[in-house]
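**Q** build me a model from this:
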Amino acid sequence: TSGAQVIVFPEYTNVTVNTGITWTAKAWTGSVGGILLFLANGTVTVTGTISANGGAGSANTAGASTASGGSGGGFSGGTGRDTASTTSNQGEGTSGASGQSTAANGNGGGGAQADSGHGGAGGGNGTAGAAGTGNGSNSGGSTAGSADLTTMVFGGGGGGGQRASTAANEFGGGGSGGGCIFFYGATTTVTGAITSNGGKGGIAYWDGGGGAGGSVLIKAQTATLGSSLITATGGQGGDTTYDGQDGGNGGVGRIHLDYYTSYTGTTSPTLNATQDNGLVTTTTYQLRFSV
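**A** Next up, the predicted model:
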């Protein structure tokens, strides 16, 4: 969506997220939220959790004509709709707010075709989302942002499912995408978790698409990241025992590290890392969040 939000950029000497503590990004409202960031000129130690995860889509209740998409984290999931309605909603994405369409909404997944009995498509970010399955067709959300995260985006929301019979409780909303996490710590150590995962699609008969993983950017002189403790995975599309009408999976997000001296560790998806000699003295950053 177009527009801008003003964000306070807190600066600290040392930051510790203790075991049992979860530091969560404020939920994206459509105009503000979804971003967690800070600077520390000393150490950042994460034994607890830093999170900007998306939320799961819902399944409709008996007699309802819609199933709401997930919220929290990044771009919201699309609304699932019944056979009396038109096409279900796309996930929210880089092209704007959700609308009733089978086309991708930038990195938001397409909704399910009207009266088709079809799953919503997954949102995209580092990789594209998958199309839903069933009668009809739709398109997964596109890739977005940049590998080095000089441009960061939210994970695209999954599209909503569409039922094709008069049965109740049979269609789901799309999951929402992961948000954006950025921090600098001269010495960074992660033994807990940093997560910006997409939300699952609503599980029904005709399921919602999964939200895409978000974006995680870390700058450090030295970094110890552990083994797959930092994640920006895509949400699973809704998948029931009724094969053939499943929601598409959300694409993975992006994780990037700029370091000066050294780093160790692995992430999911695979870490993109660049040595930056400017980090020995530089403490001013210019970032572009595309929301």
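**Q** doesn't Gly57 make contact with Lys200?
**A** Yes. Between Lys200 and Gly57 a contact is recorded at 7.0 Å, counting by Cβ atoms under 8 Å. To be clear about C-beta, it is placed using only N, CA and C from the backbone, and glycine gets the same treatment.
**Q** so these two - more neighbours on which side?
**A** Using other Cβ atoms under 10 Å as the criterion, Lys200 and Gly57 rank with Gly57 on top: 43 against 31.
**Q** quick one: distance of stretch 34-46 to the chain centre.
**A** 20 Å (Cα atoms, centre = their mean, to the nearest Å).
**Q** typed the wrong thing, it's stretch 217-231
**A** Between the mean C-alpha location of stretch 217-231 and the chain-wide mean there is a distance of 19 Å, by Cα atoms, centre = their mean.
**Q** buried residues in it?
**A** Leu217, Ile218, Lys219, Ala220, Gln221, Thr222, Ala223, Leu225, Gly226, Leu229, Ile230, Thr231 (16 or more other Cβ atoms under 10 Å).
**Q** and stretch 21-41, by the same measure?
**A** For stretch 21-41, the neighbour count (16+ other Cβ under 10 Å) marks Trp23, Ala25, Ala27, Trp28, Gly33, Gly34, Ile35, Leu36, Leu37, Phe38, Leu39, Ala40 as buried.
**Q** in CSV, list the C-alpha atoms belonging to the longest strand belonging to the chain.
**A** Longest strand in the chain, counting residues (DSSP state E): strand 215-231. Output of strand 215-231 as CSV, limited to C-alpha atoms (Å, rounded to 0.1, in the frame of the first residue of the first chain):
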residue,chain,number,x,y,z
SER,A,215,12.3,-10.0,6.2
VAL,A,216,15.1,-10.2,8.8
LEU,A,217,18.1,-7.8,8.5
ILE,A,218,21.0,-8.0,11.0
LYS,A,219,24.2,-5.8,11.0
ALA,A,220,27.0,-6.8,13.3
GLN,A,221,30.8,-6.7,13.5
THR,A,222,30.7,-10.3,14.7
ALA,A,223,27.7,-12.6,14.8
THR,A,224,27.0,-16.0,16.2
LEU,A,225,23.6,-17.1,14.8
GLY,A,226,23.3,-20.7,15.8
SER,A,227,21.7,-23.4,13.6
SER,A,228,18.4,-22.5,12.0
LEU,A,229,17.4,-20.3,14.9
ILE,A,230,16.5,-17.4,12.6
THR,A,231,13.6,-18.2,10.3
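**Q** contact partners of stretch 95-105?
**A** 1-2, 30, 69, 76, 78-79, 81, 86-94, 106, 108, 110-113, 121, 124, 129, 136-142, 156-157, 159 (Cβ atoms under 8 Å, 6 or more residues apart in numbering).
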